[in-house]
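Visitor: Sequence first, then the predicted structure, then my questions.
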Amino acid sequence: MTEHEKKITSAVGKVLPAVISITIAKEIKDITKDLPLQFFRLPHYQEFLEHEIEHAPKDEKGRIKIGGGSGFFVSEDGIILTNRHVVMDKHATYDIGTSNGKAYEAEVVARDPINDVAILKITSQDKVPFINIGSTDGIILGQSVIAVGNALGEFQNTVSTGVVSGLARFISAAADMMGHQERLRGLIQTDAAINPGNSGGPLVNLDGDAIGINVAVVFGAQNIGFAIPIEKARRDLEEVKKFGRIRRPFLGVRYLLLNKFLRDRFNLPIDHGALIVNEGIPGDLPVIPNSPAAKAGLEEFDVIIKCNDREISEKETLEDLLSQHEIGDQVDLIIFRKGKEETVKISLEEYHKDI
């Protein structure tokens, strides 16, 4: 065995006990609640539903298993990191399985919709093995990495090796089975095999430290996988530890990213920026009352062109730029209003339910 192989096997042996599988299950009544009304207009829908429920895989409590993913312990008291899209269903339950056969129930502590990170905790006092949180500082192309997870939700302790093949990648990835998309930026690209069931598992270096969370694979392409840099998860962990929740700076506008088609649709002289506009959903407002945007006087059909001198585009959205700031930061927005550019200063606030 070469020295390189020894490093890989040592790292794998170090992290495997802390990698867990997540089984997603729902009560039958909650599944039927989520079905569209059109389903109940189909002929013989009741017989079909009863047949599917009877033959669906179930957990020991009779709940229907609807999916799975991976995660990993990052503290001895049972804190888990995974992807938000793995645990995004607020009506589901999440059961944890470990490599030594132990099973736990977990509660979702926080979800980060911007970075696709979620934090869970097992409902047990057991001390568990955990993976150290590393750093992507100094990471270079060609560096060896290991992806660990629960491939396809069935094959535990799946390990794949590869190298870092890209940095600071930007992708649009499927967020759920309904085809909703989420935009993820700053990702690590690797040729280590990442399968759907590996989502939420760790990407580790040869020291066995987590440097990323496996998040996506490009279907139809070989050896292209992505991981969220671990620093984004570390920030979320610190927020939860300090405040009990993940806080994010909030502006308070609904917008569309302009392109040539939308420029013509709204008869505008520019084809870039964030057009403040109602998205057409009943009850939605383009500028949320009492929000920082409302206090600064932003209005529907204003176009936000720049945020702190950085131009807003499809590759760097307003949301992307705001996510790099802290609550309380002041940002300078350049807006296009009635044929003229104006500068607006806005202090970012934390979102709360009263806004």
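Guide: On my side now, so go ahead. Numbers count the residues shown, from 1 in each chain.
Visitor: now the strands for the stretch 151-300 of the chain?
Guide: Along the stretch 151-300 of the chain, counting by DSSP state E, counting those that start in this stretch, strands occupy 155-174, 181-190, 202-204, 210-217, 225-229, 249-250, 255-257, 274-276.
Visitor: Quick one: closest of these to residue 107.
Guide: strand 210-217 (19.1 Å; C-beta to C-beta). C-beta: built from backbone N, CA, C; applies to glycine.
Visitor: list the buried ones in the closest one?
Guide: Neighbour-count burial for strand 210-217, counted by 16 or more other C-beta atoms under 10 Å, picks out 210-217.
Visitor: one step back: which among the strands of the stretch 151-300 of the chain is found nearest to residue 119?
Guide: Among these, the nearest to residue 119 by C-beta to C-beta is strand 210-217 (11.2 Å).
Visitor: quick one, the closest one and strand 225-229 angle?
Guide: Angle, strand 210-217 to strand 225-229, by axes from the mean of the first three to the mean of the last three C-alpha atoms, to 10 degrees: 140 degrees.
Visitor: how far does strand 210-217 sit from the chain's center?
Guide: Between the mean C-alpha location of strand 210-217 and the chain-wide mean there is a distance of 11 Å, by C-alpha atoms, centre = their mean, to the nearest Å.
Visitor: could I have that strand exported to CSV, CA atoms only?
Guide: Presented in CSV, the C-alpha positions along strand 210-217 are these (Å, rounded to 0.1, in the frame of the first residue of the first chain):
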residue,chain,number,x,y,z
ALA,A,210,-14.7,18.2,6.6
ILE,A,211,-14.1,20.9,4.0
GLY,A,212,-17.5,20.7,2.3
ILE,A,213,-21.0,19.2,2.3
ASN,A,214,-21.8,17.2,-0.8
VAL,A,215,-24.7,18.9,-2.5
ALA,A,216,-25.2,18.1,-6.2
VAL,A,217,-24.3,16.1,-9.2
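Visitor: helices and strands around it, which ones?
Guide: Packed against strand 210-217 by the contact rule (3 or more C-beta pairs under 8 Å, 6 or more residues apart in numbering; DSSP states H and E) you find strand 79-82, strand 144-151, strand 155-174, strand 181-190, strand 202-204, strand 225-229, helix 230-243.
Visitor: Output the ones you listed in JSON lines, with mean neighbour count, mean pLDDT and distance to residue 46 appended to each entry.
Guide: Formatted as JSON lines, those follow (neighbours: other C-beta atoms under 10 Å; pLDDT from 0 to 100; distance: least, C-beta to C-beta, whole Å):
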{"stretch": "strand 79-82", "mean neighbour count": "26", "mean pLDDT": "95", "distance to residue 46": "36"}
{"stretch": "strand 144-151", "mean neighbour count": "24", "mean pLDDT": "84", "distance to residue 46": "35"}
{"stretch": "strand 155-174", "mean neighbour count": "16", "mean pLDDT": "74", "distance to residue 46": "31"}
{"stretch": "strand 181-190", "mean neighbour count": "20", "mean pLDDT": "73", "distance to residue 46": "34"}
{"stretch": "strand 202-204", "mean neighbour count": "30", "mean pLDDT": "94", "distance to residue 46": "44"}
{"stretch": "strand 225-229", "mean neighbour count": "25", "mean pLDDT": "88", "distance to residue 46": "42"}
{"stretch": "helix 230-243", "mean neighbour count": "17", "mean pLDDT": "91", "distance to residue 46": "43"}
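Visitor: These into CSV, with extra columns for distance to residue 251?
Guide: Converted to CSV, the helices and strands packed on strand 210-217 look like this (distance: least, C-beta to C-beta, whole Å):
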stretch, distance to residue 251
strand 79-82, 28
strand 144-151, 36
strand 155-174, 21
strand 181-190, 17
strand 202-204, 32
strand 225-229, 23
helix 230-243, 19
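Visitor: what's the span of stretch 246-260 from first residue to last?
Guide: End-to-end distance of stretch 246-260 (C-alpha to C-alpha, to the nearest Å): 36 Å.
Visitor: for the stretch 1-150 of the chain, what are the low-confidence residue spans?
Guide: Within the stretch 1-150 of the chain, the set of residues satisfying pLDDT under 70 comprises 28-31, 33-34, 39-40, 44-45, 49-58, 60-62.
Visitor: Could you pull out the strands in it for me?
Guide: Per DSSP E, counting those that start in this stretch, the stretch 1-150 of the chain carries strands over the ranges 19-26, 64-73, 79-82, 93-97, 103-112, 117-122, 144-151.
Visitor: who touches residue 99 in this structure?
Guide: 16-17, 19-20, 156-157 (C-beta atoms under 8 Å, 6 or more residues apart in numbering).
Visitor: same deal with residue 225?
Guide: By C-beta under 8 Å, 6+ apart, the neighbours of residue 225 are 147, 162, 189-194, 214, 216-218.
Visitor: Kindly indicate which of those residues lies nearest residue 94.
Guide: Of those, the one sitting nearest to residue 94 (C-beta to C-beta) turns out to be residue 214, at 17.5 Å.
Visitor: what's the spacing between the closest one and residue 148?
Guide: 8 Å (C-beta to C-beta, to the nearest Å).
Visitor: If anything else comes up later, I'll come back, but that's it for now.
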